[in-house]
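A.B. asks: Sequence and computational prediction follow.
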Amino acid sequence: MLLVLDVGNTTTVVGIYKEENLLKHWRLVSERHTSDELGIYLLNLMDISGISRESIDGAVYSSVVPSLDMPLDEGLREYLGVKPVKVSASLDLGIEIAYSPRHEVGADRLVNSVAGKARYGAPLIVVDFGTAITLDILNSEGAYLGGTISPGLVTGMEALFGRAAKLPQVSLEPPKSVIGNNTIGSIQAGIMFGNAGLVDRLVTRTWDELGGRTRVVATGGHAASIAALSETITDVDPWLTLEGLRLIHERNRPR
């Protein structure tokens, strides 16, 4: 079995694959841990799910949190006995990276692009709703061109509440109307419809530059909620990143 991990600034997503089948997945809060804590944490998750450490024969991770890279690497080696593959632009990804400099591309963006091309073809736009909202663009030849980075839903909401003490905390749910008739509805309308509009505008501008429409795949924690309000998102694939990790490991696993 294969252990895959996507370490983000806010959330870490963990999955277990048996061949091409995603058996289990967990979405956890990203926190600073020692290698021992991370190893024990993973073993506990696996134990609860009835998965033995001996069944794990490979691991791969992408990370945008450098302080967690070494503890995670050491924890996987010490507690699961596997040498993990760390995703970077220097690996064999199966796609051309038309981005300069290559090493500045976030590992999560590369992973999404690899999985997006494999599942949906090219040209393609992948929208990831995480700490940031990222758009990653593949041209008709399947080359990674780059994209956009915007504040994520939670990031924007925390900034708003941090500067406006009288505003109440709200759940990230789409209201029935864009015209909020109370404070909570007004905030929800601004965040949900506003971010759907942000994505739609970025997508249509990208289509103009590419010279045609593409499929638009949304992934990440709030993908389904925004996709329901969007006019351009065509597909929702919440575990796209995990599939990209599996594909990259297949091309780069230790022989």
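C.D. replies: That came in fine, so what should we check first?

A.B. asks: now the end-to-end length of stretch 162-171.
C.D. replies: Terminal residues of stretch 162-171 are spaced 16 Å apart (C-alpha to C-alpha, to the nearest Å).

A.B. asks: In contact with V216, which residues?
C.D. replies: Each residue near V216 by C-beta atoms under 8 Å, 6 or more residues apart in numbering is listed here: L124, I125, V126, V127, V203, S230, T232, I233, T234, D235. Backbone N, C-alpha and C define where each C-beta goes, glycine included.

A.B. asks: how close does the third one get to L153?
C.D. replies: Same thing as V126. 17 Å (C-beta to C-beta, to the nearest Å).

A.B. asks: go on, the fourth one?
C.D. replies: Per C-beta to C-beta, V127 is found 12 Å from L153.

A.B. asks: thought L110 was touching Y99?
C.D. replies: No - L110 lies out of contact with Y99 (C-beta atoms under 8 Å); the separation is 9.4 Å.

A.B. asks: What part of the protein, helix or strand, is modelled with the least confidence?
C.D. replies: In the chain, the helix or strand scored least confidently by mean pLDDT, DSSP states H and E is helix 153-163, which has a mean of 78.

A.B. asks: intersection of neighbour lists for L110 and Y99?
C.D. replies: Y144.

A.B. asks: More neighbours: which of the two?
C.D. replies: L110 (24 against 18; other C-beta atoms under 10 Å).

A.B. asks: Find the helix or strand that that one is a member of.
C.D. replies: Assigned by DSSP states H and E, L110 belongs to helix 107-120.

A.B. asks: Determine the set of other helices and strands touching that helix.
C.D. replies: Packing partners of helix 107-120 (3 or more C-beta pairs under 8 Å, 6 or more residues apart in numbering; DSSP states H and E): strand 58-63, strand 124-129, strand 132-138, strand 144-151, strand 215-220, helix 240-252.

A.B. asks: tell me, how many neighbours does the spatially closest residue to A89 that is not a sequence neighbour end up with?
C.D. replies: In this structure, A89 finds its nearest non-sequential neighbour in R102, 4.2 Å apart by C-beta to C-beta, 6 or more residues apart in numbering. Look at R102: counted by other C-beta under 10 Å, it has 13 neighbours.

A.B. asks: next one: R205
C.D. replies: Counted with other C-beta under 10 Å, R205 comes out at 12.

A.B. asks: Columns mean pLDDT and distance to L93 on top of the helices and strands packed on helix 107-120, output as JSON lines?
C.D. replies: Below are the helices and strands packed on helix 107-120 laid out as JSON lines (pLDDT from 0 to 100; distance: least, C-beta to C-beta, whole Å):
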{"stretch": "strand 58-63", "mean pLDDT": "95", "distance to L93": "11"}
{"stretch": "strand 124-129", "mean pLDDT": "97", "distance to L93": "14"}
{"stretch": "strand 132-138", "mean pLDDT": "96", "distance to L93": "12"}
{"stretch": "strand 144-151", "mean pLDDT": "95", "distance to L93": "8"}
{"stretch": "strand 215-220", "mean pLDDT": "96", "distance to L93": "17"}
{"stretch": "helix 240-252", "mean pLDDT": "96", "distance to L93": "6"}
